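Novice: Just to be clear, the model below is a prediction. Sequence and coordinates:
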Number of protein chains: 2
Amino acid sequence: MREEPRSGCAINAAVEVLGDPWTLIVLRDVIFGGRRHFRDLLTRNDEGIASNVLASRLRKLVEGGLLTRDDAVRGQRATYTLTEAGIRTLPVMVALGAWGLRHRPTTPALAVRARLLAEGAPHLVDELMDELREIHLGVTRENPKSPTASERLRQAYEAAITAGDGRP
Amino acid sequence: MREEPRSGCAINAAVEVLGDPWTLIVLRDVIFGGRRHFRDLLTRNDEGIASNVLASRLRKLVEGGLLTRDDAVRGQRATYTLTEAGIRTLPVMVALGAWGLRHRPTTPALAVRARLLAEGAPHLVDELMDELREIHLGVTRENPKSPTASERLRQAYEAAITAGDGRP
DNA sequence: GTGAGTGATTGCGGATTGCAACTGGTTGAT
DNA sequence: ATCAACCAGTTGCAATCCGCAATCACTCAC
């Protein structure tokens, strides 16, 4: 299944892995949504991904070294875990979110996180990557201060939906 | 041709426009390669894009408001121009390039620009966006100091290929 | 008018997608 | 022990998309 890259360009290399309409969506749900299981990714997905597409994308992400999958037997809960390469797609997500926020119609509630990450970058992004490393790779954070990055994102999200928007 | 977004998520909104294996490649050639014409984009493309795919992507990019196309008659050189939305995909390109550089095999010469942009961000990125605004939108830069961002990128590229690599 | 150059479109076979139904296994309550 | 519920996918099918080569319609220089 190993194919030659179309060219030696770094952007092309990234596009060959991430450049399709579903891969980034699956990755987003793992990174921001905390989904780690097939059924979770399938049923709690806003865009309504099909099961065969999800299976195909998870396989490619594992092959590409962005996720790992534990060898759970069929019928048991297999868990997908982010690798360092997977965690490092976070800046790409943030850049995409910032662009979508500015140039496309978005739901206010869902846009809060994107706005926070876009405005708080790169500090918040680094903290969130450290947090993902702790969750997925078992690497303890250097500075485990009380409000984690994701906790601050969650609080901002809740504040936004109760306030009706979140835009001052 | 206007379709409902799959969800109100900002990342999804961006993925629906940029998330396919060719759109970002075309945009990359316009932004970094200075290509403005169909034939240019077709024949000077490293990945070997097909003419029907190029035509389809240019149409979608114009529909999506990332490019404009002058009303040149058939048979004349039609020129594609970046809009503000198109120019603002640059941070996405940089993030993708940085990821590809770190986690995929790349040609050293082609990787120089990616490395420079990744390490020099966000200062260099802002300057390059201003330069694109000048070229495509006719907006004169505030501070037209002698070595432009693209010129510095070009110099670094040439220095790299003559030195054999570019990595110190 | 001929030929080179322009921006595309068309037709073809094969691959990929989205959708729905289904498979084979485990878990947990009765 | 049985049965329903849950889990991770697989299969079949029609529709779409892809890469490839050929072709079209048009302009300009000579």
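Specialist: Yep, that arrived.
Novice: what's the weakest-modelled helix or strand in chain A?
Specialist: helix A:149-163 (a mean of 78; mean pLDDT, DSSP states H and E).
Novice: With just CA atoms, put that helix into PDB.
Specialist: Provided in PDB are the C-alpha atoms of helix A:149-163 (Å, rounded to 0.1, in the frame of the first residue of the first chain):
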ATOM      1  CA  ALA A 149      -6.300  24.300  27.700                       C
ATOM      2  CA  SER A 150      -9.200  22.100  26.900                       C
ATOM      3  CA  GLU A 151     -10.900  23.100  30.100                       C
ATOM      4  CA  ARG A 152     -10.600  26.700  29.200                       C
ATOM      5  CA  LEU A 153     -12.000  25.900  25.700                       C
ATOM      6  CA  ARG A 154     -14.900  24.100  27.300                       C
ATOM      7  CA  GLN A 155     -15.600  27.000  29.700                       C
ATOM      8  CA  ALA A 156     -15.600  29.500  26.800                       C
ATOM      9  CA  TYR A 157     -17.900  27.200  24.900                       C
ATOM     10  CA  GLU A 158     -20.400  26.900  27.700                       C
ATOM     11  CA  ALA A 159     -20.200  30.700  28.400                       C
ATOM     12  CA  ALA A 160     -20.900  31.300  24.800                       C
ATOM     13  CA  ILE A 161     -24.000  29.000  24.400                       C
ATOM     14  CA  THR A 162     -25.600  30.300  27.600                       C
ATOM     15  CA  ALA A 163     -24.900  33.900  26.500                       C
END
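Novice: So which elements touch it?
Specialist: Using 3 or more Cβ pairs under 8 Å, 6 or more residues apart in numbering or on different chains; DSSP states H and E as the contact criterion, the elements in contact with helix A:149-163 are helix A:108-120, helix A:123-132. All C-beta atoms are positioned from the backbone trio N, CA, C, and that covers glycine.
Novice: Would you mind giving the domain segments of chain A?
Specialist: Here the domain parsing of chain A from automatic domain parsing is A:10-86, A:89-163.
Novice: Between those, which one is closest to B:Val26.
Specialist: Proximity to B:Val26 (Cβ to Cβ) singles out domain A:10-86 among the domains of chain A, at 10.8 Å.
Novice: returning to that earlier point: quick one: which of the helices and strands packed on helix A:149-163 has the weakest pLDDT on average?
Specialist: Per-stretch mean pLDDT for the helices and strands packed on helix A:149-163 is lowest at helix A:108-120 (a mean of 84).
Novice: what about chain A, any weak spots by pLDDT?
Specialist: Flagging of chain A using pLDDT under 70 yields the residue ranges A:1-3, A:72, A:74-75, A:121, A:143-147, A:163-168.
Novice: and it, which residues reach DNA strand D?
Specialist: Proximity of chain A to DNA strand D, by Cβ under 7 Å from any atom of the strand, involves residues A:37-40, A:51-52, A:55, A:58-59, A:69, A:72, A:74-78.
Novice: top of these by neighbour count?
Specialist: A:Leu58 (20 neighbours; other Cβ atoms under 10 Å in any protein chain shown).
Novice: Now do the contacts for that residue.
Specialist: Contacts for A:Leu58 (Cβ atoms under 8 Å, 6 or more residues apart in numbering or on different chains) come out as A:26, A:38, A:41, A:67, A:69, A:80.
Novice: next one: A:Leu66
Specialist: For A:Leu66, the contact set (Cβ under 8 Å, 6+ apart) comprises A:17, A:27, A:82-83, A:85-86, A:89.
Novice: and the residue lying closest to it once chain neighbours are set aside, which of the three is it?
Specialist: Spatial nearest neighbour of A:Leu66, chain neighbours left out: A:Gly86 (3.8 Å); criterion: Cβ to Cβ, 6 or more residues apart in numbering or on different chains. Put simply, A:Gly86 is helix when judged by DSSP: H, G, I helix; E, B strand; the rest coil.
Novice: ok now do A:Asp46, which residues does it touch?
Specialist: A:Asp46 sits next to B:6-9, B:12 when contact means Cβ under 8 Å, 6+ apart.
Novice: and chain A, which residues reach DNA strand C?
Specialist: A:20-22, A:48, A:50-53, A:56, A:73-76.
Novice: end to end, how far does stretch A:57-69 reach?
Specialist: The straight-line separation of the ends of stretch A:57-69 (Cα to Cα, to the nearest Å) is 13 Å.
Novice: how far out from the middle of the chain is it?
Specialist: Stretch A:57-69 sits 13 Å away from the centroid of its parent chain (Cα atoms, centre = their mean, to the nearest Å).
Novice: orientation of the least confident helix or strand of chain A relative to helix A:108-120 in degrees?
Specialist: 140 degrees (axes from the mean of the first three to the mean of the last three Cα atoms, to 10 degrees).
Novice: got the angle between helix A:149-163 and helix A:123-132?
Specialist: Using the same axes, to 10 degrees: helix A:149-163 against helix A:123-132 is 120 degrees.
Novice: Nearest to B:Asn143, out of the domains of chain A?
Specialist: domain A:89-163 (24.0 Å).
Novice: rewinding a little: among the contacts of A:Leu66, which ones are in helices?
Specialist: Among those, the members found in helices (DSSP state H) are A:17, A:27, A:85-86.
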